[in-house]
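In: Okay, here's the prediction I keep looking at, along with the sequence it came from:
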Amino acid sequence: MEMKTVLVGFIVVALLGGVAVGYLMAPSSDPDLESQVNALQSQVANLETQIMEKNSQIGNLSALISSLESQIANNPPNGNFSALILSLQSQVADLEAQIEQKNAQITSLNDTIRALQEQIGGRKGEYNLVATFSGEQGVTTDYFFLNQPDIMVVWNWTTSTQKPTHFTVTLYKQGQSNSTQSWADLSGNGSTYVHNIQAAYYYLGISESNIDSWNVTIYQWVPE
């Protein structure tokens with residue numbers, strides 16, 4: 001495992017430095033590589049969840065700042081309010097800096113994921129974004145078109161309650177009542193794959209309970 005860690009580190013350095021990376025690992029399918037990719041994708045999903053939470057915090061702080069500024073405008077100057085606003089604005093700036101840092105981490109992780117995926121089965125290409133859906137309740141999404149046989153589904157969701165939660169994503173092909181694939185009781189973030197997809201329009205059915213907000217993103221593998 002230490003050797004694989006060294007190889008992954010070398011891939012990251014090579015990508016950042018613009019060095020061409022050859023086949024450092026056997027091009028045949030390797031379950032360990034698949035596990036590394038899945039782990040990295042889970043890290044990406046976790047970072048995306050953190051970003052979503054911090055954006056929510058920024059929204060709450062911004063609303064509070066607006067409320068305080070309104071109170072100051074309608075009342076004599078209040079030094080306490082002004083100091084509180086400055087403190088809140090500082091918190092917003094700190095959250096925005098954290099989001100920027102996490103976006104940079106996501107970019108780096110995605111670069112590493114693409115490098116590892118090239119080693120799996122000798123395939124070259126990348127997962128391209130097809131569609132992203134977000135919400136606060138269960139929905140049936142709009143259609144999206146898939147023209148490649150391999151797709152990746154990435155999700156994350158947040159909750160502020162201690163009540164039991166559930167989150168289910170179901171993939172449907174246009175014109176068919178039976179699902180193509182369904183994933184029930186999904187954890188707070190993660191990813192999964194579907195293979196041998198037929199080219200067609202598809203849509204998602206999202207079912208949830210006690211979820212504050214959620215994101216589901218569809219990618220498809222596009223070979224070079």
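Out: Perfect, I can see it now.
In: Could you point out which residue ranges in the chain have low pLDDT?
Out: 1-31, 76-79, 117-123 (pLDDT under 70).
In: At which residues are the helices of it located?
Out: With DSSP state H as the criterion, the chain has helices at 2-17, 31-73, 79-119.
In: What sits closest to Ser207 if chain neighbours are left out?
Out: Of all residues beyond its chain neighbours, the one nearest Ser207 is Thr168 (4.2 Å), with distances taken as C-beta to C-beta, 6 or more residues apart in numbering. (C-beta placed from N, C-alpha, C; glycine too.)
In: which residues touch the one you found?
Out: Ser182, Trp183, Ala184, Asp185, Leu186, Gly205, Ile206, Ser207, Glu208 (C-beta atoms under 8 Å, 6 or more residues apart in numbering).
In: now, among those, which is nearest to Tyr143?
Out: Gly205 (12.5 Å; C-beta to C-beta).
In: domain parsing for the protein?
Out: Structurally, the chain divides into domains by automatic domain parsing as follows: 2-13+30-116, 125-223.
In: What separation do you get for Leu186 and Met152?
Out: Noted for Leu186: a distance of 14 Å to Met152, by C-beta to C-beta, to the nearest Å.
In: and what of Ser66?
Out: The value you get for Ser66 to Met152, if C-beta to C-beta is used, is 39 Å.
In: quick one, which of the two is more surrounded?
Out: Under the criterion of other C-beta atoms under 10 Å, the comparison of Ser66 against Met152 puts Met152 first, with 18 against 11.
In: What residues are bridge-paired with the more buried one?
Out: Beta-bridge pairing of Met152 under DSSP bridges involves Tyr193, Tyr219.
In: Test my guess that it contacts Ile197.
Out: No - proximity of Met152 to Ile197 does not meet the contact threshold set by C-beta atoms under 8 Å, at 11.0 Å.
In: any common contacting residues for these two?
Out: With contacts taken as C-beta under 8 Å, 6+ apart, the residues that reach both Met152 and Ile197 are Gln220.
In: can you pull the contacts of the residue nearest to the spatial centre of the chain?
Out: Against the mean C-alpha coordinate of the chain, by C-alpha atoms, centre = their mean, the closest residue is Ala45 at 3.9 Å. Contacts here follow C-beta under 8 Å, 6+ apart; on that basis Ala45 touches Val154, Trp155, Asn156, Asn189, Gly190, Ser191.
In: which two of those residues lie the greatest distance from each other?
Out: Pairwise distances across the contacts of Ala45 peak at 9.6 Å for Asn156 and Ser191 (criterion: C-beta to C-beta).
In: Just want to know which of those two has more residues nearby.
Out: Set Asn156 next to Ser191 and count neighbours by other C-beta under 10 Å: Asn156 wins out with 28 against 19.
In: That one pairs with what?
Out: Using DSSP bridges, the bridge partners assigned to Asn156 are Asn189, Asn215.
In: residues touching it, list them.
Out: Ala45, Asn46, Glu48, Thr49, Met52, Gly188, Asn189, Gly190, Trp214, Asn215.
In: 7 Å instead?
Out: Applying C-beta atoms under 7 Å, 6 or more residues apart in numbering to Asn156 gives the contacts Ala45, Glu48, Thr49, Met52, Gly188, Asn189, Asn215.
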